[in-house]
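Chemist: The amino acid sequence is not available; the structure is as follows:
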């Protein structure tokens with residue numbers, strides 16, 4: 001069986017990019033490091049690393065083993081806080097992974113309320129542009145809890161938070177900005193160039209999906225990496241944008257219209273199979289604090305009632 005030290009050596013070699021730098025970081029000799037890596041490869045039944053002239057590269061087996069090594073190290077690194085977490089949640093560290101819109105929208109007030117109750121618990125937030133990368137991060141042990149769309153084929157606990165509602169953002173002088181119904185049919189925007197998202201951004205998938213359902217492919221005037229940039233650029237007149245309503249600040253120069261039909265996606269919080277008490281406590285707290293009145297769209301409310309109509313494109 002691989003040892004903890006061997007897994008640590010593997011991760012360090014990969015992260016530093018060479019045996020020499022890894023040995024310096026670990027304060028061991030390079031022959032000792034090489035010996036432990038050979039022992040690890042013998043234990044798993046095949047080569048994990050390929051030595052190149054100036055770096056190392058993972059083999060296919062190495063790519064398969066690395067996420068499990070990281071997860072094992074992450075769990076080991078948190079063991080010393082478990083006892084204190086169990087005894088009153090007074091201390092410890094919680095690592096949270098979230099998609100961009102969550103860290104901009106529903107999470108800040110929840111973290112503020114949590115901090116007031118548990119000031120001794122440190123929070124580390126990791127942000128991801130796409131639900132696939134978010135799910136891979138929590139599966140690979142990079143966080144205790146993930147917050148985002150419904151994960152695919154997830155075996156651990158899942159807390160449903162509600163449906164995140166989306167708005168169409170237009171500039172204040174747009175011809176459709178003063179629509180009397182406060183909504184806009186997507187086909188009315190079919191000939192527009194949109195404020196779109198980078199191809200690896202989850203909202204790029206969502207925008208493409210809902211537009212194709214409406215019968216057209218959205219053209220991009222500009223593509224953004226950060227979710228927060230989309231409403232600002234749309235308000236500046238670069239094109240319509242589809243954004244989570246909960247990320248819009250109270251004083252905003254643009255105009256928010258409800259897409260017709262509405263666009264929503266279910267948000268969840270999920271953990272690995274056996275979360276520790278601190279993670280369970282935060283997941284329960286999040287599920288309680290994230291529920292808001294469904295009439296709050298005009299004020300950029302965070303979530304609609306979980307009994308509402310299921311989200312279109314909610315798994316994107």
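Modeler: In hand now; what should we look at? Values in this document were obtained by computation on a predicted structure and should not be read as measured data.
Chemist: can we go C-alpha only for contacts and neighbour counts from here?
Modeler: Will do.
Chemist: Which helix or strand in the chain has the lowest average pLDDT?
Modeler: When the helices and strands of the chain are scored by mean pLDDT, DSSP states H and E, helix 60-86 comes last with a mean of 76.
Chemist: Quick one: name whatever helix or strand follows that one.
Modeler: As assigned by DSSP states H and E, the chain's next helix or strand after helix 60-86 is strand 92-99.
Chemist: Can you give me the buried ones in that following strand?
Modeler: Buried residues in strand 92-99, counted by 16 or more other Cα atoms under 10 Å: 92-99.
Chemist: Break down the stretch 1-150 of the chain into its strands, ranges please.
Modeler: 49-51, 56-58, 92-99, 121-128, 145-149 (DSSP state E, counting those that start in this stretch).
Chemist: Report the buried residues of the first one.
Modeler: Applying a neighbour-count criterion of 16+ other Cα under 10 Å, the buried positions in strand 49-51 are residue 49.
Chemist: Please name the strands paired to that strand in the sheet, noting orientation.
Modeler: The sheet places strand 49-51 alongside strand 56-58 (antiparallel), with pairing taken from DSSP bridges.
Chemist: And for the fourth one?
Modeler: Pairing partners of strand 121-128, with direction, according to DSSP bridges: strand 92-99 (parallel).
Chemist: what does the last one give?
Modeler: Its sheet considered, strand 145-149 pairs with strand 92-99 (parallel), strand 264-271 (antiparallel) by DSSP bridges.
Chemist: Of all the strands of the stretch 1-150 of the chain, which one comes closest to residue 23?
Modeler: Closest approach to residue 23 among these (Cα to Cα): strand 56-58, 13.7 Å.
Chemist: Quick one: mean pLDDT over the closest one.
Modeler: Throughout strand 56-58, pLDDT has a mean value of 90.
Chemist: And for it, what's in contact with it?
Modeler: By Cα atoms under 8 Å, 6 or more residues apart in numbering, the list of residues contacting strand 56-58 from outside reads 13-14, 17-18, 48-51.
Chemist: closest to residue 171 among the buried residues of strand 92-99?
Modeler: residue 99 (25.8 Å).
Chemist: The closest one bridge partners, please.
Modeler: Bridge pairing for residue 99 - DSSP bridges - gives residue 128.
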